[in-house]
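Participant: Got a predicted model here, sequence first, then my questions.
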Amino acid sequence: MSVHIAAQKGQIAKTVLQPGDPLRAKYIAENFLEDIKLVSKTRNVFYYTGLYKGKEVTVGASGMGAPSIGIYSYELYTEYDVDTIIRIGTCGGYTSELNVYDLLNVENAASESTYAKYSWEIEEDLLPHQGKAFSVINDTARNLSKELKTTNIHTSDIFYRKNPGIPEIAKKYNCSAVEMEAFALFANAQYLGKNAATLLTVSDIIPTGEYISADQREQALTPMIELALEAAINL
């Protein structure tokens with residue numbers, strides 16, 4: 001049991017899928033896993049462990065933003081001996097070259113966040129995925145004939161901005177999309193020597209205003225969920 005996760009040692013699998021939303025974690029567990037057990041519900045942040053095609057997998061929420069995923073991923077890595085975390089979430093496209101429903105495998109996360117600097121004295125503002133999960137996801141997508149794009153993304157601490165233009169850091173590193181968690185996850189994994197990947201579904205295109213409605217999201221996220229679970233088999 002950790003400060004923010006009530007599971008006992010041994011109740012969390014070596015591979016964890018982390019959506020941001022606790023209810024999305026619940027949906028994934030109930031619709032994609034077998035023999036599921038709710039192992040933590042502290043603060044209504046649900047963690048379930050079950051089987052996917054015989055492979056033990058945990059799915060649990062990260063919350064929103066770098067500080068939140070920073071806490072949960074750190075405790076998973078250090079208190080529960082998790083080897084691999086795959087963040088699965090949504091992102092906003094900075095370019096009309098992306099389309100809603102596109103699947104992105106994050107190669108690098110760029111951020112103005114001070115999370116890595118003040119947590120682990122990591123000075124870089126561009127952090128790569130960690131370990132083998134990124135490559136396993138690419139190979140799995142290829143084997144399943146799923147279209148997947150590898151890209152740099154911008155991890156922002158800000159959801160609402162006065163200036164609607166693309167931030168300078170996103171331009172600097174040619175980031176095609178923006179989300180709020182990957183940079184902190186990669187920082188923790190880098191410091192601790194763990195595996196970390198981020199798999200995203202494009203939910204809206206910022207320049208055009210196109211978006212996936214709330215009613216469409218469950219169905220829209222299915223390809224991403226299935227790809228992450230299939231990759232988990234090989235981790």
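Facilitator: That came in fine, so what should we check first?
Participant: number of nearby residues for residue 209?
Facilitator: Close neighbours of residue 209, defined as other CB atoms under 10 Å, add up to 7. For the C-beta atoms, the positions are set from N, CA and C on the backbone; glycine is no exception.
Participant: ok, and what's touching stretch 134-152?
Facilitator: Outside stretch 134-152, the residues that touch it by CB atoms under 8 Å, 6 or more residues apart in numbering are 86, 98, 102-110, 126, 173-177, 197, 199, 223, 227-228, 230-231, 234-235.
Participant: Out of those, list just those in helices.
Facilitator: Judged by DSSP state H, the subset of the contacts of stretch 134-152 located in helices is 223, 227, 228, 230, 231.
Participant: and the spatially closest residue to the fourth one that is not a sequence neighbour, helix, strand or coil?
Facilitator: The shortest distance from residue 230 to any residue that is not its chain neighbour, by CB to CB, 6 or more residues apart in numbering, is 5.0 Å, and that residue is residue 140. Applying DSSP: H, G, I helix; E, B strand; the rest coil to residue 140 yields a three-state assignment of helix.
Participant: follow-up on the earlier one: now flag whichever of the ones in helices among the contacts of stretch 134-152 is closest to residue 183.
Facilitator: In terms of CB to CB, no member of the ones in helices among the contacts of stretch 134-152 lies closer to residue 183 than residue 228, at 19.2 Å.
Participant: Go ahead and confirm that closest one touches residue 89.
Facilitator: No. Using CB atoms under 8 Å, residue 228 and residue 89 do not qualify as a contacting pair, with a distance of 10.6 Å.
Participant: higher neighbour count, these two?
Facilitator: More neighbours surround residue 228 than the other of residue 228 and residue 89, with 26 against 23 (other CB under 10 Å).
Participant: Could you measure from the residue nearest to residue 230 over to residue 204?
Facilitator: To residue 204, residue 140 is 26 Å away according to CB to CB, to the nearest Å.
Participant: neighbour count winner among the two?
Facilitator: residue 140 (21 against 16).
Participant: and the helix or strand containing residue 57, which strands flank it?
Facilitator: Assigned by DSSP states H and E, residue 57 falls within strand 55-60. Under the criterion DSSP bridges, strand 55-60 sits next to strand 15-18 (parallel), strand 47-52 (antiparallel) in its sheet.
Participant: and residue 185, which of these is closest to it?
Facilitator: strand 15-18 (7.8 Å).
Participant: average model confidence for that closest one?
Facilitator: What strand 15-18 shows for mean pLDDT is 98.
Participant: Same question for stretch 174-182.
Facilitator: Mean predicted lDDT for stretch 174-182 stands at 98.
Participant: Tell me how far that stretch lies from the chain's centre.
Facilitator: Distance of stretch 174-182 from its chain centroid, counting by CA atoms, centre = their mean, to the nearest Å, is 11 Å.
Participant: Name the nearest residue to the residue positioned nearest the centre of the chain, ignoring sequence neighbours.
Facilitator: Compute the mean C-alpha point of the chain, and by CA atoms, centre = their mean the closest residue is residue 87, 1.6 Å away. Leaving out its chain neighbours, the residue that sits closest to residue 87 by CB to CB, 6+ apart is residue 198, at 4.3 Å.
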